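Visitor: no sequence on hand, only this structure:
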């Protein structure tokens with residue numbers, strides 16, 4: 001039997017070639033990791049919403065600014081809000097859009113710095129003369145979106161309101177039920193309500209002053225990798241505040257600089 005003896009140089013060439021292929025594969029894998037999955041609902045105008053196959057909105061613009069700077073590509077995972085929470089819990093998404101920082105949620109997640117403060121408000125039909133403020137909600141049927149934190153905010157701020165809270169899965173049904181008189185009011189974010197009323201001619205009006213300020217941030221599972229990412233996110237957020245980018249995004253979607261309110 002003949003024995004084949006390979007020249008040493010050829011063996012080294014084979015080893016080097018294999019090494020290059022492995023290195024190339026790791027680069028592609030690293031590039032693949034520069035994707036962040038963000039859970040959101042498709043009807044959260046003006047925060048994040050889907051239109052013509054594209055995700056737009058106040059939150060979307062802020063996230064694009066952050067992750068463009070960090071060289072991440074955003075992959076949006078759109079479901080109703082209960083689906084967003086489930087995907088975050090199971091790890092199907094890395095983080096979630098428009099997530100209020102609460103003590104309860106802090107037991108499960110670690111957060112970036114907040115990028116704005118959400119305020120709750122009550123919207124009623126334009127011809128409603130009974131509910132002029134949150135203090136008039138005693139015994140009223142109030143709609144809110146299932147899984148959001150607004151019911152907790154109402155209970156904390158006005159524990160004696162005594163009204164029934166009715167959970168809905170999407171905004172449009174709530175609007176229609178309030179306008180039709182099926183329920184008395186809608187409890188939701190002040191910014192979202194203002195935008196819907198002003199930009200989309202929803203026949204509602206806000207009753208009284210906003211209440212229950214809640215910081216909003218990006219939630220993550222507490223891992224060393226996520227802690228490093230959060231640190232990078234916080235650095236970029238600080239830059240976006242200082243250079244006026246956040247204020248510009250606010251003016252674009254709300255016609256006002258909501259960050260001025262935070263400094264008052």
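Guide: Arrived safely, thanks for sending. The shown structure was predicted, so the numbers you read here are calculated from the model rather than taken from an experiment.
Visitor: tell me where the model's unsure across the chain.
Guide: Residue ranges of the chain with pLDDT under 70: 1-33, 262-264.
Visitor: what residue spans form the domains of it?
Guide: 36-115+218-263, 118-213 (automatic domain parsing).
Visitor: got those as a markdown table, with mean neighbour count columns?
Guide: Every residue, glycine included, has its C-beta placed from N, CA and C. Shown next, in a markdown table, are the domains of the chain (neighbours: other Cβ atoms under 10 Å):
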| stretch | mean neighbour count |
| --- | --- |
| domain 36-115+218-263 | 17 |
| domain 118-213 | 18 |
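Visitor: what segments of the stretch 1-150 of the chain are helices?
Guide: Taking DSSP state H, counting those that start in this stretch to define them, one finds helices in the stretch 1-150 of the chain at 8-33, 58-69, 81-90, 103-106, 150-157.
Visitor: list the contacts of the shortest one.
Guide: Residues outside helix 103-106 that contact it (Cβ atoms under 8 Å, 6 or more residues apart in numbering) are 99, 219.
Visitor: so what's residue 251 closest to, chain neighbours aside?
Guide: Leaving out its chain neighbours, the residue that sits closest to residue 251 by Cβ to Cβ, 6 or more residues apart in numbering is residue 257, at 5.9 Å.
Visitor: next one: residue 67
Guide: Per Cβ to Cβ, 6+ apart, closest to residue 67 is residue 74, 5.6 Å.
Visitor: and residue 218, by the same measure?
Guide: residue 112 (4.2 Å).
Visitor: any idea how far the one you found is from residue 184?
Guide: 36 Å (Cβ to Cβ, to the nearest Å).
Visitor: cool, residue 50 as well?
Guide: Relative to residue 184, and taking Cβ to Cβ, residue 50 is found at 30 Å.
Visitor: ok, now residue 118?
Guide: 22 Å.
Visitor: need the phi and psi values for the residue most central in space within the chain.
Guide: Against the mean C-alpha coordinate of the chain, by Cα atoms, centre = their mean, the closest residue is residue 97 at 1.4 Å. Dihedral pair for residue 97: phi -80, psi 140, per degrees, to the nearest 10.
Visitor: so what's the closest residue to it other than its chain neighbours bridging to?
Guide: Once flanking residues are discounted, residue 97 sits nearest to residue 40: 3.8 Å by Cβ to Cβ, 6+ apart. Beta-bridge pairing for residue 40 (DSSP bridges): residue 78.
Visitor: I'd guessed residue 226 sits against residue 220; true?
Guide: Yes. Applying Cβ atoms under 8 Å, one finds residue 226 in contact with residue 220, separated by 4.1 Å.
Visitor: list residues touching both of those two?
Guide: Common neighbours of residue 226 and residue 220 (criterion: Cβ under 8 Å, 6+ apart): 94, 110.
Visitor: just the helices in the stretch 151-264 of the chain please.
Guide: Using DSSP H, counting those that start in this stretch, helices in the stretch 151-264 of the chain cover 171-179, 190-199, 224-242, 245-254, 258-263.
Visitor: distance to residue 67 added to those, as JSON lines?
Guide: Formatted as JSON lines, these follow (distance: least, Cβ to Cβ, whole Å):
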{"stretch": "helix 171-179", "distance to residue 67": "26"}
{"stretch": "helix 190-199", "distance to residue 67": "22"}
{"stretch": "helix 224-242", "distance to residue 67": "8"}
{"stretch": "helix 245-254", "distance to residue 67": "13"}
{"stretch": "helix 258-263", "distance to residue 67": "20"}
